[in-house]
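J.: fold the following and give me the result.
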Amino acid sequence: MKWVILIVGILVLAAVAMAIAGAMLPVKHHASRTARFRKPPEAIYAVIAGPPDWHPGVKASGGLPDANGRKRWWEQDSHGKKITFELVEDSPPARRVTRIAGEKLPFGGTWTVEVAPVSTGESEVRVAEDGEVYNVIFRFMSRFIFGYYGSIDAYLKNLAAKLEA
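T.: Here you go, the predicted model:
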């Protein structure tokens, strides 16, 4: 019984420590990465703006009615959670800005994807995340466990795999 109380106490202390540390972190963050691909901007943009079936983190997706003149859709992640997104800006083949439009999530923000030609048949893709993490424990985890760059790195890796297929 003493071991159970000790283990529960340690877990509670760890959660309290994570909450305190998370509360001291800023709600907003910015992260960006750049990658080069041997494809023209139009080919890259077509993949980015098309169905997200190339991204293994997206298990399903579907359209939603427009809201305030903005295209909206949902994506289901690998945990079964559906997240609503909206298209803030669409300037093919150079720039696309999406925003998490779901409510009651522990996070939110925008992703800006910019595609620029760097030479004949080669382009540079820059993904910038301007995120917000509201829950203090999730804020701690996103900063110290997941990292702000993890989602962007996975996105660019999966984009490379799709473009090279």
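J.: every contact and neighbour count from this point should use C-alpha atoms.
T.: Will do.
J.: nearest residue to residue 23 in space, please, no chain neighbours.
T.: Spatial nearest neighbour of residue 23, chain neighbours left out: residue 136 (5.2 Å); criterion: C-alpha to C-alpha, 6 or more residues apart in numbering.
J.: hmm, I typed the wrong one, I wanted residue 155.
T.: Once chain neighbours are set aside, the closest to residue 155 by C-alpha to C-alpha, 6+ apart is residue 55, at 7.1 Å.
J.: any idea how many residues pack against that neighbour?
T.: Look at residue 55: counted by other C-alpha atoms under 10 Å, it has 16 neighbours.
J.: next up, the contacts around it.
T.: Residue 55 sits next to 155, 158-159 when contact means C-alpha atoms under 8 Å, 6 or more residues apart in numbering.
J.: coming back round to it: could you measure from the residue nearest to residue 23 over to residue 154?
T.: Separation of residue 136 from residue 154 (C-alpha to C-alpha, to the nearest Å) stands at 24 Å.
J.: the two: which has the busier surroundings?
T.: residue 136 (20 against 14).
J.: quick check: that one touching residue 19?
T.: Yes - Residue 136 lies in contact with residue 19 (C-alpha atoms under 8 Å); the separation is 5.3 Å.
J.: buried residues in the least confident helix or strand in the chain by mean pLDDT?
T.: For the chain, counting by mean pLDDT, DSSP states H and E, helix 2-24 ranks last in confidence among helices and strands (a mean of 89). Residues 18-19, 22-23 are the ones in helix 2-24 that count as buried (16 or more other C-alpha atoms under 10 Å).
J.: closest to residue 32 out of the residues you listed?
T.: Using C-alpha to C-alpha, the shortest approach to residue 32 within these belongs to residue 22, at 21.5 Å.
J.: the residue nearest to residue 38 when sequence neighbours are not counted: neighbour count?
T.: Leaving out its chain neighbours, the residue that sits closest to residue 38 by C-alpha to C-alpha, 6+ apart is residue 122, at 4.3 Å. When counting by other C-alpha under 10 Å, one arrives at 14 neighbours for residue 122.
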